[in-house]
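Trainee: below is the structure, and that's it, no one-letter string:
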């Protein structure tokens, strides 16, 4: 990722309006990637927004991601093995997002509550936003 961003940043022809980060839960890579963006890209484009996706985990979603993961998405066994583990990981990701002023984007189907408790309440609690 860093090599691609560095190449884009070096181009005098491009103006970066925003960067989108695909969901994952490797906190060390997330932190170093965001530090790279802050130290290089944001110096040239200080008003640029960084968006990062998160999932609101349900049993159904975790099962899907365990057996048919989305390309480019890394989720650890701790994340995939339980809803509680996934929620803990999501909170850690959100903590890093907050540190680097990343705008979280929810990439989870909130239209269908699949019996995992009140997904909307959990989203409101963790994000501080009512759905």
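Mentor: Happy to help now that I have it. Remember, it's a predicted structure, so these values are computed and weren't measured experimentally.
Trainee: and residue 52, what is it in contact with?
Mentor: Residues counted as contacts of residue 52 (Cβ atoms under 8 Å, 6 or more residues apart in numbering) are 20-21, 23, 30, 93, 97, 102-105. Bear in mind the C-beta positions are built from the backbone N, C-alpha and C, glycine included.
Trainee: show me the residues you listed that map onto helices.
Mentor: Members of the contacts of residue 52 lying in helices (criterion: DSSP state H): 30, 93, 97.
Trainee: ok, back up a step: same list, the contacts of residue 52, but as CSV with distance to residue 79, neighbour count and pLDDT please.
Mentor: Compiled in CSV, the contacts of residue 52 are given as follows (distance: Cβ to Cβ, whole Å; neighbours: other Cβ atoms under 10 Å; pLDDT from 0 to 100):
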residue, distance to residue 79, neighbour count, pLDDT
20, 20, 11, 90
21, 16, 20, 89
23, 10, 23, 77
30, 13, 21, 92
93, 10, 23, 93
97, 16, 20, 94
102, 18, 22, 94
103, 21, 11, 93
104, 16, 19, 91
105, 18, 12, 89
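Trainee: so which of the residues you listed is the closest to residue 68?
Mentor: Using Cβ to Cβ, residue 23 is the member of the contacts of residue 52 that lies nearest residue 68, at 15.0 Å.
Trainee: distance between the longest strand seen in the chain and the chain's centre?
Mentor: Counting residues, the longest strand found in the chain (DSSP state E) is strand 49-54. Centre-to-centre, strand 49-54 and its host chain are 6 Å apart (Cα atoms, centre = their mean, to the nearest Å).
Trainee: beyond it, next helix or strand please.
Mentor: helix 59-67 (DSSP states H and E).
Trainee: quick one: mean pLDDT for that next one?
Mentor: What helix 59-67 shows for mean pLDDT is 88.
Trainee: for stretch 56-65, buried residues please.
Mentor: 56-58, 61-62, 65 (16 or more other Cβ atoms under 10 Å).
Trainee: what's the answer for stretch 41-56, then?
Mentor: Buried residues in stretch 41-56, counted by 16+ other Cβ under 10 Å: 41-42, 45, 50, 52-56.
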